[in-house]
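Participant: My questions concern the predicted model and sequence given below.
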Amino acid sequence: MAYLLVKNGTLIDGNGGPPISDAAVLIQEKRIKWVGRWNDMKLPNEKVNVIDAQGGFILPGFIDSHVHMMMSGNYHQELMSAPFSLKFYQAIQHMKRTIDVGITSVRDAGYTDVGVKEAVERGWVLGPRMQISVTPLTITGGHGDFWLRSGLDVTECMTYPTMPDGICDGREQVRQKVREVLRSGADLIKVHATGGIMSPTDHPEFTQFSLEELSVMVEEAAFRRGAKVMAHAQGLEGVKNAVRAGVHSIEHGIFLDDEAIELMVENGTYLVPTLIAGVGVLEVGKESGNIPAHALRKAQEVVDIHCESFAKAYQAGVKISMGTDAGVVPHGINLRELSLMCQAGMHPMEAIVAATKTAADCLGWEDRLGTVESGKLADIVISKTDPIADIQSLENPDHIVAVIKNGCMVKDLLTSRCNSSNATP
């Protein structure tokens, strides 16, 4: 059996405890066999390939709980003009950038085809492990309805046999649409419970879907597949409706009051804040000029409010799972979210836990991912900088010098390597 040993680094295992110096991680095929201090290790008699972390920091593979792998920036314009197949090839680049920053698992919040996920699982392309929601559910005229006032309907460019139209209104249409999306290969259901920043005809505070309709989604998803529901919910009433309906996670959560936060704590609802989304839209708009005026205006309105709501939720003990909305903002800047969470009050270790252990819990993968522990899948990141001392240093992809997914090295910037069976403590 093949063994891989990572040594000569400081371990931040994802559980939130103190870092462990002079640590070692022994990997057997896809799983972690042993974790601890190097001097306590007993090596197997078989050959062991050794990776020298060179004094760096060993962490679990990061998890982004909210991405869009087949989206890229101003997708309205691209979808109207680009060849249909181009987005599949673009996704290859998006996935590589995601891996390069140490994200080894993602939860896709819409518009990624089941074939992309399967191509990664078959090893045909390099990418993170995925949960996909296929098509977000939206009301007519809602956040996911891309009909433009010019009369053009971008939604038509996004619909094809394995990507059903997500527009539905009323209990029975909602129930049918949940079934269609699950049939298309979705692991979970994504719903737009409120308006949003990028959509042309609504506002983040607009409530979309009734409590009754949201409850049908949660009930149907659980009954059919044991699936959970993630809710794009930015406005206050929509957040409360979603939590009361039993959704698993609130995405964005821009407008939160004490009642909404209390409901989330009582129900164990996760918050996936995506603080970088509004900030990123403003930055891309300034740099490229390609962001529509309505999106820039709304992003400017809510950036500070979003940060304040996140800080209140964090202080109240809401479960925080890191997510970025990558695809709305550029892929590969995912770990900037950690800095933004820390600027709003989190300790760097807490931000790392939000992007590892808690994110794995949110995805229902806590038994296999999220921490560097014996028996779990060997997803490991090596940073040459200390993320506790300088969380912002993780924003530079060059500081992520190695990424291991399923026990295989998928990024390697280390300057030296020792392959030896005699690397005894």
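Facilitator: Noted; the coordinates are in hand.

Participant: Walk me through the domains of this protein.
Facilitator: Here the domain parsing of the chain from automatic domain parsing is 3-60+371-419, 62-363.

Participant: can you pull the contacts of Val35?
Facilitator: Counting by Cβ atoms under 8 Å, 6 or more residues apart in numbering, Val35 touches Leu11, Asp13, Ala23, Ala24, Val25, Leu26, Val372, Glu373, Ser374. Any C-beta I mention is one placed from the backbone N, CA and C, and that applies to glycine too.

Participant: quick one, phi psi at it?
Facilitator: phi -140, psi 140 (degrees, to the nearest 10).

Participant: who does it bridge with?
Facilitator: Taking DSSP bridges as the rule, Val35 bridges to Val25.

Participant: Wasn't Phe310 part of a helix?
Facilitator: Yes: assessed with DSSP: H, G, I helix; E, B strand; the rest coil, Phe310 lies in a helix.

Participant: can you count the residues close to it?
Facilitator: 26 (other Cβ atoms under 10 Å).

Participant: okay, it: pLDDT?
Facilitator: Note on Phe310: pLDDT of 98.

Participant: what about it, distance to Val303?
Facilitator: Noted for Phe310: a distance of 11 Å to Val303, by Cβ to Cβ, to the nearest Å.

Participant: How about Arg297?
Facilitator: For Arg297, the distance to Val303 - Cβ to Cβ - is 12 Å.

Participant: Over to Val329?
Facilitator: 13 Å.

Participant: ok now stretch 107-125, how far from the chain's centre?
Facilitator: The chain centre lies 14 Å from the centre of stretch 107-125; the measure is Cα atoms, centre = their mean, to the nearest Å.

Participant: Quick check: which of the domains of the chain is buried the most?
Facilitator: Scoring these by mean neighbour count under mean count of other Cβ atoms under 10 Å gives domain 62-363 as the most buried, with a mean of 21.

Participant: measure it end to end?
Facilitator: 13 Å (Cα to Cα, to the nearest Å).

Participant: Equivalent analysis for stretch 134-150, please.
Facilitator: 27 Å.

Participant: and stretch 88-105, C-alpha only, in CSV?
Facilitator: Once non-C-alpha atoms are left out, stretch 88-105 reads as follows in CSV (Å, rounded to 0.1, in the frame of the first residue of the first chain):
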residue,chain,number,x,y,z
PHE,A,88,-17.8,24.1,-19.9
TYR,A,89,-14.2,24.9,-20.9
GLN,A,90,-14.2,28.0,-18.8
ALA,A,91,-15.2,25.8,-15.8
ILE,A,92,-11.9,23.9,-16.2
GLN,A,93,-10.0,27.1,-15.5
HIS,A,94,-12.3,28.1,-12.7
MET,A,95,-11.8,24.7,-11.0
LYS,A,96,-8.0,24.9,-11.3
ARG,A,97,-7.9,28.3,-9.8
THR,A,98,-10.1,27.0,-7.0
ILE,A,99,-7.7,24.1,-6.3
ASP,A,100,-4.7,26.4,-6.5
VAL,A,101,-5.9,28.5,-3.5
GLY,A,102,-6.4,25.4,-1.4
ILE,A,103,-10.1,24.9,-1.8
THR,A,104,-10.6,21.1,-2.2
SER,A,105,-14.3,20.9,-1.7
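
Participant: roughly how far out does that stretch sit from the chain middle?
Facilitator: That offset, for stretch 88-105, works out to 12 Å (Cα atoms, centre = their mean).

Participant: average pLDDT across that stretch?
Facilitator: Stretch 88-105 comes out with an average pLDDT of 97.

Participant: Now tell me what touches stretch 231-240 from outside.
Facilitator: Contacts of stretch 231-240 (Cβ under 8 Å, 6+ apart): 109, 136, 143, 190-197, 203-209, 214, 241-242, 247, 249-257, 259-260, 263, 302.

Participant: 6 Å instead?
Facilitator: Stretch 231-240 has contacts (Cβ atoms under 6 Å, 6 or more residues apart in numbering) with 191-194, 204-205, 207, 242, 247, 250-252, 254-255, 260.

Participant: from what I can see Asp325 touches Gly278, true?
Facilitator: No: Asp325 lies out of contact with Gly278 (Cβ atoms under 6 Å); the separation is 9.1 Å.

Participant: ok so Lys240 is a helix residue?
Facilitator: Yes: counting by three-state DSSP, Lys240 is located in a helix.

Participant: how much space is there between it and Leu182?
Facilitator: 26 Å.

Participant: just Ala221 next, same as before
Facilitator: In terms of Cβ to Cβ, Ala221 sits 7 Å off from Leu182.

Participant: go on, Ala354?
Facilitator: 28 Å.

Participant: residue ranges for the helices of the chain, please.
Facilitator: Listed in chain order, the helices of the chain (DSSP state H) span 75-81, 86-100, 114-121, 171-183, 211-225, 236-245, 258-267, 275-288, 293-316, 336-343, 348-354, 357-363.

Participant: Can you say which of those helices is nearest to Leu148?
Facilitator: In terms of Cβ to Cβ, the element of the helices of the chain nearest to Leu148 is helix 75-81, at 7.7 Å.

Participant: for the closest one, what is the average pLDDT?
Facilitator: 66.

Participant: same thing with stretch 182-195?
Facilitator: pLDDT averaged over stretch 182-195 gives 97.

Participant: could you measure Ile99 against Gly17, distance?
Facilitator: For Ile99, the distance to Gly17 - Cβ to Cβ - is 27 Å.

Participant: Equivalent analysis for Tyr3, please.
Facilitator: 26 Å.

Participant: Any regions of the protein where pLDDT drops low?
Facilitator: In the predicted model, the chain carries pLDDT under 70 at residues 1, 74-79, 415-425.

Participant: at 80 what do you get?
Facilitator: Scanning the chain for pLDDT under 80 picks out 1, 73-81, 146-158, 199-201, 287-292, 294, 415-425.

Participant: now stretch 260-279, how far from the centre of its chain.
Facilitator: On Cα atoms, centre = their mean, the centre of stretch 260-279 falls 14 Å from that of its chain.

Participant: Next: stretch 48-62.
Facilitator: Relative to the chain's own centre, stretch 48-62 is displaced by 23 Å; criterion: Cα atoms, centre = their mean.

Participant: and what of stretch 46-53?
Facilitator: For stretch 46-53, the distance to the chain centre is 31 Å (Cα atoms, centre = their mean).

Participant: Find the nearest non-adjacent residue to Ser133, please.
Facilitator: Closest residue in space to Ser133, ignoring its immediate chain neighbours: Lys190 at 3.7 Å, by Cβ to Cβ, 6 or more residues apart in numbering.
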